[in-house]
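J.: Task: produce atomic coordinates for the following.
(2 chains)
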Amino acid sequence: MKRILAAGIMAGGVAAAAGWVLAAPDPLPATALKPHTASIENGKRLYTAAGCLSCHLPAKDDKQADMSLPSGGRLLKTPAGAFYPPNITPDTETGIGGWTDIQFVNAVKRGISPDGRHYLPAFPYTSYSKMSDADVLDIKAYMDTLKPVQAANRPAELPLGLPVETIMRRGLGMWKLTSGFEPAEFVKDTAKDDIWNLGAYLVQGPGHCAECHTPRDWAMALDTSRWMAGGPHPEGEGKVPSLRSLKSRGRFKDAADLALALEFGETLGYDKMSSGGMAAVQTNMSKLPAEDRTAIATYLMSLE
Amino acid sequence: MTSRLISSSRTAIFGLVAALGITSAAFASPIEDRQANMKAVGKAMGALAAIAKKEAPFDAAVVNTNATTLANNVKESKAHFPEGSETGDKETWAKAEIWQNKADFEAKADKSVEAAMQMAAVTEEANFGAALGALGATCKACHQDYRRPKQ
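T.: The predicted structure is shown next:
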């Protein structure tokens, strides 16, 4: 009996050790990056499309802070706990100023920090992984031009506390392995035209629309069988609307109509474009080149 | 005599029914009141948006009527969020923050009324777009803080 128990414990230990190893962060090596000449302009465009600032804002009651810079600290409450997205200005001490290209790419596309830990997926690297390395490096080049702000990061408040956090973060590696998170770039659908593909890329990658508009399964992974079908609001504010059958449900007449809604929102009388965080998204969308809005609208209107 | 009795009882019944009707109207829940109110705002905004989208011609009289309706309704809406109406028998998308920041909520409504009154005064098509943008921004400012998303 004792021997069986010991064997059981040993087997369990081996499984746990195997799990621990399997769940280890798997960053890309620096050699994975192709040489790239960064475009700051394209970086600004994608930084806007990705809505980086919308989450990395300074705290609401921080009167001294410049609200146009992503120095972090604004509360993001989720079912998993309270997060305070970090400072991502190029401050070398408290921000991401000292980061290398590969560190930035691993953070944005693989959810791995420079010190080799898994980021909690409140940071939507699950979507950003669809972006090309070139686009991600352009974003970095643009962010390097922002004014550095010295603002220390505030740790997340997780319901189970810090000791559990280490295990949970490693556990996230398991989650990454099993939840269908594949750090795979967007692949063009050759049966569709360029504008549709551009829209699909912007929606699925930088726009990370699915993170709220696609429901999640029991493991908190996106349920892709119900792609963009709407779901509970991540901050508990009711329901996030479905983006499917927008035309047949009479929500928008056509892609041009939706593009106008993305550009103007309620300033042109489009309802439901301001609640639940959508106001910030729509403000970001209004700053994109018109072609990007048309592309996003074209892709979304094609979801039956 | 009989006919007079019938007639007067008819009057009484009519009066009773009318009184009940009025009573039930006056006692419609604040949630229903504010939803009807915002529906009217949305309709007026829709008429203005149609002009911006060139689905309808610019007509100063139409602009004035709808902007005035909008201003009156938003002004009135402040009365439709009394204490205790955070929830009710009907689903509401009003966020609890309304009652926590009542002064800010009402200030945002006032800004909207102001913008709608400026819209009501627009007589030239050239000034219409800017006025609509300013008005819509006040809708957005309030909804982003105080309205939950709905399917």
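J.: quick one: pLDDT of residue 102?
T.: In the absence of a named chain, this looks at chain A. We note a pLDDT of 97 for residue A:102 in this prediction.
J.: hm, I was asking about chain B
T.: Residue B:102 is given a pLDDT of 96.
J.: name the element residue 135 belongs to?
T.: Going with chain A. When secondary structure is defined by DSSP states H and E, residue A:135 falls within helix A:133-143.
J.: wrong chain, I was asking about chain B
T.: helix B:128-146.
J.: I figured residue B:52 hits residue A:263, correct?
T.: No: look at residue B:52 against residue A:263 with CB atoms under 8 Å: they stay out of range, at 11.7 Å. Heads up, the C-betas are built off the backbone N, CA and C, glycines and all.
J.: wait, doesn't residue A:295 sit right on residue A:193?
T.: No: applying CB under 8 Å, one finds residue A:295 not in contact with residue A:193, separated by 9.9 Å.
J.: out of these two, which sits in the more crowded spot?
T.: residue A:295 (25 against 12; other CB atoms under 10 Å in any protein chain shown).
J.: That one in helix, strand or coil?
T.: helix (DSSP: H, G, I helix; E, B strand; the rest coil).
J.: Mind checking which residue lies nearest the centre of chain A?
T.: residue A:124 (2.0 Å; CA atoms, centre = their mean).
J.: show me where pLDDT drops low in chain B?
T.: B:1-27, B:151 (pLDDT under 70).
J.: let's see it at 90
T.: Applying pLDDT under 90 to chain B picks out residues B:1-29, B:88-90, B:148-151.
J.: which bits of it sit near chain A?
T.: B:42, B:45-46, B:48-49, B:52-53, B:93, B:95, B:132-133, B:135-137, B:139-140, B:143-144, B:147-151 (CB under 8 Å from any CB of the partner chain).
J.: of those residues, buried ones?
T.: B:42, B:45, B:48-49, B:52, B:93, B:95, B:132, B:135-136, B:139-140, B:143-144, B:147-150 (16 or more other CB atoms under 10 Å in any protein chain shown).
J.: re earlier: hang on, isn't the residue nearest to the centre of chain A packed against residue A:206?
T.: No: the pair residue A:124 and residue A:206 fails to qualify as a contact (CB under 8 Å) at a distance of 9.5 Å.
J.: just to revisit the earlier point, mean confidence for the helix holding residue A:135?
T.: Helix A:133-143 comes out at a mean pLDDT of 98.
J.: Show me what the helix holding residue B:135 is packed up against.
T.: On a contact count with 3 or more CB pairs under 8 Å, 6 or more residues apart in numbering or on different chains; DSSP states H and E, helix B:128-146 meets helix A:278-286, helix B:30-52, helix B:60-77, helix B:97-100, helix B:102-120.
J.: Measure how the third one sits relative to helix B:128-146, angle-wise.
T.: If I follow you right, that is helix B:60-77. 20 degrees (axes from the mean of the first three to the mean of the last three CA atoms, to 10 degrees).
J.: Residue A:223 versus the nearest residue to residue A:242 once chain neighbours are set aside, what's the distance?
T.: Sequence neighbours aside, residue A:230 is the residue nearest to residue A:242 in space, at 3.5 Å (criterion: CB to CB, 6 or more residues apart in numbering or on different chains). Distance of residue A:230 to residue A:223, given as CB to CB, to the nearest Å: 11 Å.
J.: residues making contact with the longest helix that chain A contains?
T.: Across chain A, the longest stretch assigned as helix under DSSP state H is helix A:2-22. Outside helix A:2-22, the residues that touch it by CB atoms under 8 Å, 6 or more residues apart in numbering or on different chains are A:170, A:173, A:174, A:177.
J.: and what of stretch B:31-48?
T.: By CB under 8 Å, 6+ apart, stretch B:31-48 touches A:269, A:271, B:56, B:62-63, B:66-67, B:69-70, B:73-74, B:76-77, B:80-81, B:85, B:88-90, B:92, B:94, B:119, B:132, B:135-136, B:139.
J.: and it, how far out from the chain's middle?
T.: 5 Å (CA atoms, centre = their mean, to the nearest Å).
J.: try stretch A:107-125
T.: 10 Å.
J.: Contacts for it next, please.
T.: Contacts of stretch A:107-125 (CB under 8 Å, 6+ apart): A:25-28, A:76, A:78, A:80, A:83, A:85, A:99, A:103, A:106, A:126, A:128-129, A:131, A:133, A:136, A:139, A:156, A:169-170, A:172-173, A:175-176, A:181, A:183, A:208, A:211, A:220.
J.: in the stretch 101-250 of chain A, what residue is nearest chain B?
T.: residue A:238 (3.9 Å; CB to the nearest CB).
J.: That residue and residue A:280: what is the separation?
T.: 17 Å.
J.: Flag every residue of chain A that's near chain B.
T.: A:230, A:233, A:237-242, A:260, A:264-280, A:282.
J.: What about those residues, which are in helices?
T.: A:260, A:264, A:278, A:279, A:280, A:282.
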